[in-house]
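[1] can you look at this prediction? I've put the sequence above it.
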Amino acid sequence: MTTARGRRGPAFSMRQTALAFGLAAALLCGAGLALRSLVRAAGAYGPFVLALAVLVATALLVTAARSRRRPRAVAPPPAEGAMVPAAREPAAWERAEPGPVGESVAPEPEPVRPEPLEPVPESGPVDFASMDPLVFEQAVAALCERDGCRDVTVDGGAGDLGADVTATSPGGLRVVIQCKRYGPVNKVGSQDTQRFGGTCFAVHEADVAAIVTTGEFTRPAADYAAECGIHCFDHRALAAWADRTGPAPWEAAVPAPGTPVE
């Protein structure tokens, strides 16, 4: 509710003031000339006519002053209990903060759920050599899961630092496996085992580290792996693991350095 103290009078205008004084001067001049003519014509009644003219001029001046001080019409404040329109809530797109100029803000991608591993056939040989490298990694992970491992994950790809498959063995050991899907000509060399040996224990904290390949190992590679305690599973050991005629990597013993490699 607006109080009398909070109201402000009309702003001062020099132009309006000058016009008012000019109008008053014109009225006075006109009144003076009229009075002069009336006094001459009235003769003996000149003083009465003069007094009447002064009263009329005074009334005109007072009326002009009051009309100038009359305040402008101001809309009355809303009455108590009246409905006042509420401010419009901004839409969602108006509240959203824009991204950098020239760039569109993309929605956050949904988390990718890993696909379930396909089980390894229980009977018949498995042609691991014909698999895609990623499919081969998934097949090795499925073997780990089949033999009782838990927390089996496939981490192969750029930046995996050699840990293609990680799992926890039935006995609680952390198993880290590097998968090498090689053909009959290519062999796992010493550089491969050295790179894996530099990360499997220090970085991935493996209790059991193994390299599983569809090919074979060179003599230097097998010797380095034996010195570091890395299990080497070539295509024969892999086939025996798959058909349950041989041990799993966490069950096999590391061969001594210098063991013949075919």
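    Happy to help now that I have it. Residues are numbered from 1 along each chain as shown.
[2] what's the closest non-adjacent residue to V203?
    L161 (5.6 Å; Cβ to Cβ, 6 or more residues apart in numbering). The C-beta positions use only the backbone N, C-alpha and C, and glycine is treated the same way.
[3] backbone phi and psi for F233, please?
    phi -110, psi 100 (degrees, to the nearest 10).
[4] surely it touches W241?
    Yes. Under the criterion of Cβ atoms under 8 Å, F233 makes contact with W241 at 6.9 Å.
[5] can you pull the residues that touch both of these two?
    Counting by Cβ atoms under 8 Å, 6 or more residues apart in numbering, the common neighbours of F233 and W241 are P249.
[6] end-to-end on stretch 239-246?
    End-to-end distance for stretch 239-246, by Cα to Cα, to the nearest Å: 8 Å.
[7] so which bits of that stretch are buried?
    Applying a neighbour-count criterion of 16 or more other Cβ atoms under 10 Å, one finds 239, 241-242 buried in stretch 239-246.
[8] just the residues contacting it, thanks.
    By Cβ under 8 Å, 6+ apart, stretch 239-246 touches 120, 125-126, 128, 143, 233, 237, 247-249, 252.
[9] circling back: could you dump the buried residues of stretch 239-246 into TSV with secondary structure, distance to A59 and pLDDT added?
    Shown next, in TSV, are the buried residues of stretch 239-246 (DSSP: H, G, I helix; E, B strand; the rest coil; distance: Cβ to Cβ, whole Å; pLDDT from 0 to 100):
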residue	secondary structure	distance to A59	pLDDT
A239	helix	126	95
W241	helix	123	97
A242	helix	122	96
